[in-house]
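Participant: Predicted structure and sequence below. I'll ask about it afterward.
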Amino acid sequence: MSRLMIIGCGGVASVAIHKCCQNSDVFTEIMIASRTVSKCDALKEKLQGTTKTKITTAKVDADNVDELVARCPLWLEAMDGAADKRLLVEKVMLSGRRIASASGMGGFGGKPMQKRVLGNLVLVGDFETDILEYPPLAPRVTEAAALLADAMLEFILTGVE
């Protein structure tokens, strides 16, 4: 039904990828891209045989971002660096594609996670806690990843691809 590009292969990305692969009738193809493609390959290997979703991997760097942007209509950003996030979100949005990104998931407890839609961009998080001040902990990471997967699902099922 739909192709999705997931950038990153850390905690948020891994959880989001697992969630998307649980809906393989909707997410028929997922490309996982990261600077460290070996992490992507390891996650792909772990998931193959547990999902019908076709999973491919790629290395992402400043030289091939434009090429990758052209490959998929939907993007889920799960990178750690703020500058890298900003660059990727801008490139994807300028291409007219849809992207979901997380902001503010550090610590524990605190303000509930939310989802904000800003044109082609969906942001999820509490929009306050900085992971540089408050390290991301498993419950908040899982919550943000589930909201990112939900945003992608909504894009597809409402025909806003």
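Facilitator: It's in.

Participant: Next, name the residue at the spatial heart of this structure.
Facilitator: L76 (2.7 Å; Cα atoms, centre = their mean).

Participant: Please, which helix or strand holds the residue nearest to that residue when sequence neighbours are not counted?
Facilitator: Distance criterion Cβ to Cβ, 6 or more residues apart in numbering; nearest residue to L76, sequence neighbours excluded, is I6 at 4.6 Å. Where you see a C-beta, it was placed from the backbone N, CA and C, and this is true even at glycine. Element membership for I6, per DSSP states H and E: strand 2-7.

Participant: what does that strand rub up against?
Facilitator: For strand 2-7, contacts defined as Cβ atoms under 8 Å, 6 or more residues apart in numbering pick out 13, 16-17, 20, 26-34, 60, 68, 71-79, 88, 152, 156, 161.

Participant: Sitting in strands, which of those residues do you find?
Facilitator: Judged by DSSP state E, the subset of the contacts of strand 2-7 located in strands is F27, T28, E29, I30, M31, I32, A33, S34, L74, W75, L76, E77.

Participant: Report the beta-bridge partners for the fifth one.
Facilitator: Using DSSP bridges, the bridge partners assigned to M31 are M5, T56.

Participant: burial measure for it, as a count.
Facilitator: Number of residues near M31 (other Cβ atoms under 10 Å) recorded here: 21.
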